[in-house]
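*Asks:* return atomic coordinates for the entry below.
(2 chains)
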Amino acid sequence: EDQVTQSPEALRLQEGESSSLNCSYTVSGLRGLFWYRQDPGKGPEFLFTLYSAGEEKEKERLKATLTKKESFLHITAPKPEDSATYLCAVHFRGDYKLSFGAGTTVTVRA
Amino acid sequence: GAGVSQTPSNKVTEKGKYVELRCDPISGHTALYWYRQSLGQGPEFLIYFQGTGAADDSGLPNDRFFAVRPEGSVSTLKIQRTERGDSAVYLCASGKGETQYFGPGTRLLVL
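*Replies:* Below is the predicted model:
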């Protein structure tokens, strides 16, 4: 069965302390991998799409990378405003829906 | 430009009642999706529309759930005979191509 697993469940960082979030997937055919940011009480906000192994995307302090079986979201020198839940979702080949992981909740302390 | 909007933002109802949740997609987006998110979980797919027709309704949990998109724009998710287990955030997303853009969600509480 196709699955998406995110780790860790929660991450507490000091401002400026860089770290990485992991998204692993078991899938017969990947059509795209998506990262979203979700603030409390809000809907997911689109960050990145990755399509093939080796691809990288960057936005401000965030950088997403993709291998054949997992993706990483690197947060460089985080600020308190980077605190949020980061969701990974996979678009499987032959399908239209997104299959989400449970998310990683990141808290950045000043 | 305007994003996806959903109304109401919050809905409290009693067990057994009927509810309707509305989604206004981004103008020009032909694809529309409904998801349901429980606390501490990622969104779970319910139904996908391409234009006016439901292209995939495999995520609807049972026949109490139904959704329509009669003119290919606004969509309504309808839940009959609500149960306490239906309490969740119902998210709508629209897309043109691969990327899905989400609305703020409707928080449904069934007492």
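
*Asks:* sec struct for residue A:72, please.
*Replies:* Following DSSP: H, G, I helix; E, B strand; the rest coil, the label given to residue A:72 is strand.

*Asks:* and the gap between it and residue A:7?
*Replies:* 11 Å (CB to CB, to the nearest Å). All C-beta atoms are positioned from the backbone trio N, CA, C, and that covers glycine.

*Asks:* what sits in contact with each of these two?
*Replies:* By CB atoms under 8 Å, 6 or more residues apart in numbering or on different chains, residue A:72 and residue A:7 have these common neighbours: A:21-22.

*Asks:* show me what whatever residue of chain A ends up closest to chain B is bridged to.
*Replies:* Nearest residue of chain A to chain B: residue A:100, at 3.0 Å (CB to the nearest CB). For residue A:100, the beta-bridge partners are residue A:89 (DSSP bridges).

*Asks:* residues from chain A in reach of chain B?
*Replies:* Counting by CB under 8 Å from any CB of the partner chain, the residues of chain A close to chain B are A:4, A:31-32, A:34, A:36, A:41-46, A:49, A:87, A:89, A:91, A:96-103.

*Asks:* in ChimeraX, select just the buried ones from those.
*Replies:* To isolate the buried members of the residues of chain A next to chain B in ChimeraX, using 16 or more other CB atoms under 10 Å in any protein chain shown:
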select /A:4,32,34,36,43,44,46,49,87,89,91,96,97,98,99,100,101,102,103
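
*Asks:* a helix runs through residue A:81, doesn't it?
*Replies:* Yes. Under three-state DSSP, residue A:81 falls within a helix.

*Asks:* the closest residue to it other than its chain neighbours: what secondary structure?
*Replies:* Excluding the flanking residues, the one nearest residue A:81 by CB to CB, 6 or more residues apart in numbering or on different chains is residue A:108, at 7.8 Å. Under the three-state scheme (three-state DSSP), residue A:108 adopts strand.

*Asks:* next, the contact list for residue A:108, please.
*Replies:* Residue A:108 sits next to A:13-15, A:78-83 when contact means CB under 8 Å, 6+ apart.

*Asks:* now those: which count as buried?
*Replies:* Burial by neighbour count, 16+ other CB under 10 Å: within the contacts of residue A:108 this picks out A:13, A:78, A:82-83.

*Asks:* would you mind putting these into JSON lines with pLDDT alongside?
*Replies:* As requested, those are exported to JSON lines (pLDDT from 0 to 100):
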{"residue": "A:13", "pLDDT": "97"}
{"residue": "A:78", "pLDDT": "97"}
{"residue": "A:82", "pLDDT": "98"}
{"residue": "A:83", "pLDDT": "98"}
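
*Asks:* adjacent strands (with direction) for the host helix or strand of residue B:6?
*Replies:* Assessed by DSSP states H and E, residue B:6 sits inside strand B:5-7. Within its sheet, strand B:5-7 is paired with strand B:19-24 (antiparallel), according to DSSP bridges.

*Asks:* average pLDDT across the strand it pairs with?
*Replies:* Strand B:19-24 shows a mean pLDDT of 98 in the predicted model.

*Asks:* can you dump the C-alpha atoms of stretch A:59-77 in PDB for me?
*Replies:* Once non-C-alpha atoms are left out, stretch A:59-77 reads as follows in PDB (Å, rounded to 0.1, in the frame of the first residue of the first chain):
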ATOM      1  CA  LYS A  59      12.400  29.600  -0.900                       C
ATOM      2  CA  GLU A  60      13.900  32.000   1.700                       C
ATOM      3  CA  ARG A  61      15.200  29.800   4.600                       C
ATOM      4  CA  LEU A  62      13.600  26.600   3.200                       C
ATOM      5  CA  LYS A  63      15.200  24.100   0.800                       C
ATOM      6  CA  ALA A  64      13.500  20.900  -0.400                       C
ATOM      7  CA  THR A  65      15.300  18.000  -1.900                       C
ATOM      8  CA  LEU A  66      14.100  14.700  -3.400                       C
ATOM      9  CA  THR A  67      15.600  11.200  -3.600                       C
ATOM     10  CA  LYS A  68      14.000   8.000  -5.000                       C
ATOM     11  CA  LYS A  69      12.400   7.200  -1.600                       C
ATOM     12  CA  GLU A  70      12.400  10.300   0.500                       C
ATOM     13  CA  SER A  71      12.400  14.100   0.600                       C
ATOM     14  CA  PHE A  72      14.000  16.500   3.000                       C
ATOM     15  CA  LEU A  73      12.900  20.000   4.000                       C
ATOM     16  CA  HIS A  74      15.900  21.900   5.300                       C
ATOM     17  CA  ILE A  75      15.300  24.900   7.500                       C
ATOM     18  CA  THR A  76      18.400  27.200   7.600                       C
ATOM     19  CA  ALA A  77      18.800  29.600  10.400                       C
END
